[in-house]
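> I'll drop the sequence and a predicted model, then ask my questions.
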Amino acid sequence: MTEAIQGSHFPGRYWQRLDDGRLRCDVCPRECKLADGQRGLCFVRANQGGRMVLTTYGRSSGFCVDPVEKKPLNHFLPGTPILSFGTAGCNLTCKFCQNWDISKAREIDRLNDSADPDAIARAALSLGCRSVAFTYNDPVIFLEYAVDVAKACHARGLKTVAVTAGYIKPEARAEFYAHMDAANVDLKAFTEDFYHRLCGAHLEAVKETLVYLRHQTKVWFEVTTLLIPDENDSPAEIDAQTRWMAEALGPDVPLHFSAFHPDWKMTDKLNTPPATLTRARDIALKNGLRYVYTGNVHDPAGGGTYCAGCGALLIGRDWYELSTWTLTPEGRCAACGTILPGTFEARPGNWGRKRQPVRFGR
């Protein structure tokens, strides 16, 4: 946190000057207090000459066109391509991080691609994307850059997506989500012990973000929980989480249970058995959640979207390929007319499972 900061950087928002001369960052609940020349734990927000700066504005760890289902979002423009990018750093310290080479990067040289907001929007349009995703690392730490990209996208009719852990303070949260059309929020577990021990964070702040999204915004959002053997996969914890979601967020917020694989600082754990995901899905459905999915495993049943009215298969999926589509152009079940919550077009996209890297000039 004491590494010297070189060059000129973009002015950051959400900070206060303390009586001792340090700056307190107010983007996330961590509230890093920085002397001149220090970076926050996220590594990208820094005190430079007595002002807060964002050191990664306009710089990315890479761009790629993905299927939107990979975010994962199953009720937001299904089948369409989404231009995805991130920067470096993160404001959590998850020992199981599966994008650790990006989110844990401590070198700005990790940022290979440079692109201003307008260039990103133009590229997304030229590539046939319907939306742009801020992902790979948490976009709350590059809030200013994400907001400017979102404005450029909206000016061209593109939608924007945040893939985030939801660890953000109320004032910054209001600005950030005012510019997002959709989000996938990681609810990493449902115990404070897990968040403190394995993420260096607190559960309550994430719950507050989820409640805020549901009741104070029009952002379409879905929730993902990565199930780690013997850490957050017990039936009791899943029961508590899904009961809370049904009560606090309502039955229509989709929930994705994803399979863990050993990575970063948690290589002593085994892969999540598919049966654990199926059991979790069954518990969630029993507790009243209507749209529950399994991820990182081949499970067509757990990947399908079913009508809450009659149980018909509305959207079938084989990995990221759409195999069935029985929605009307108005987004209703063709069999019984029940509306499917989400954001849909009259026809599904046909991007499939392709992944297309994109290079910008340095």
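Good, I have the coordinates.
> now do the end-to-end distance for stretch 24-33.
4 Å (Cα to Cα, to the nearest Å).
> any idea of the mean pLDDT in it?
In this model, stretch 24-33 has a mean pLDDT of 98.
> for that stretch, the distance to its chain's centre please.
Centre-to-centre, stretch 24-33 and its host chain are 20 Å apart (Cα atoms, centre = their mean, to the nearest Å).
> ok, and what's touching that stretch?
1, 12-18, 22-23, 34, 40-42, 45, 52, 91, 140-141, 143, 167-169, 171-172, 201-202, 205 (Cβ atoms under 8 Å, 6 or more residues apart in numbering). No exception for glycine: its C-beta is placed from N, CA and C like everyone else's.
> and those residues, which are buried?
Using 16 or more other Cβ atoms under 10 Å as the burial test, the contacts of stretch 24-33 include 12-15, 22-23, 34, 40-42, 45, 52, 91, 140-141, 143, 167-169, 172, 201, 205 as buried.
> inside strands: which ones of the residues you listed?
Among the buried ones among the contacts of stretch 24-33, the members falling in strands (DSSP state E) are 15, 23, 34, 45, 52.
> mind listing what the residue lying closest to Gly166 once chain neighbours are set aside touches?
Closest residue to Gly166 apart from its sequence neighbours, by Cβ to Cβ, 6 or more residues apart in numbering: Thr209 at 3.7 Å. For Thr209, the contact set (Cβ under 8 Å, 6+ apart) comprises 166-168, 173, 185.
> mind picking the two most distant members of those?
Greatest spatial distance among these (Cβ to Cβ): Arg173 and Val185, at 11.4 Å.
> any low-confidence regions in the stretch 1-150 of the chain?
For the stretch 1-150 of the chain, residues meeting the criterion pLDDT under 70 lie at 1-8, 99-113.
> swap the cut-off to 50 and go again
1-8, 100, 103-111 (pLDDT under 50).
> what about the helices in it?
100-103, 117-126, 143-155 (DSSP state H, counting those that start in this stretch).
> dump those helices to TSV, plus distance to Leu313.
Converted to TSV, the helices of the stretch 1-150 of the chain look like this (distance: least, Cβ to Cβ, whole Å):
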stretch	distance to Leu313
helix 100-103	36
helix 117-126	31
helix 143-155	32
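> excluding chain neighbours, give the residue nearest to the residue most central in space within the chain in space.
Nearest residue to the geometric centre of the chain (Cα atoms, centre = their mean): Val163, 1.5 Å. Spatial nearest neighbour of Val163, excluding adjacent residues (Cβ to Cβ, 6+ apart): Thr135 at 3.8 Å.
> got it, and Thr80?
Per Cβ to Cβ, 6+ apart, closest to Thr80 is Gly349, 3.5 Å.
> what's the one you found in contact with, if anything?
So Gly349 contacts 68, 77-81, 130, 322 (Cβ under 8 Å, 6+ apart).
> surely it is within a helix?
No. Using DSSP: H, G, I helix; E, B strand; the rest coil, the secondary structure at Gly349 is coil, not a helix.
> next, it: phi, psi?
phi -70, psi 170 (degrees, to the nearest 10).
> tell me how far it lies from His261.
28 Å (Cβ to Cβ, to the nearest Å).
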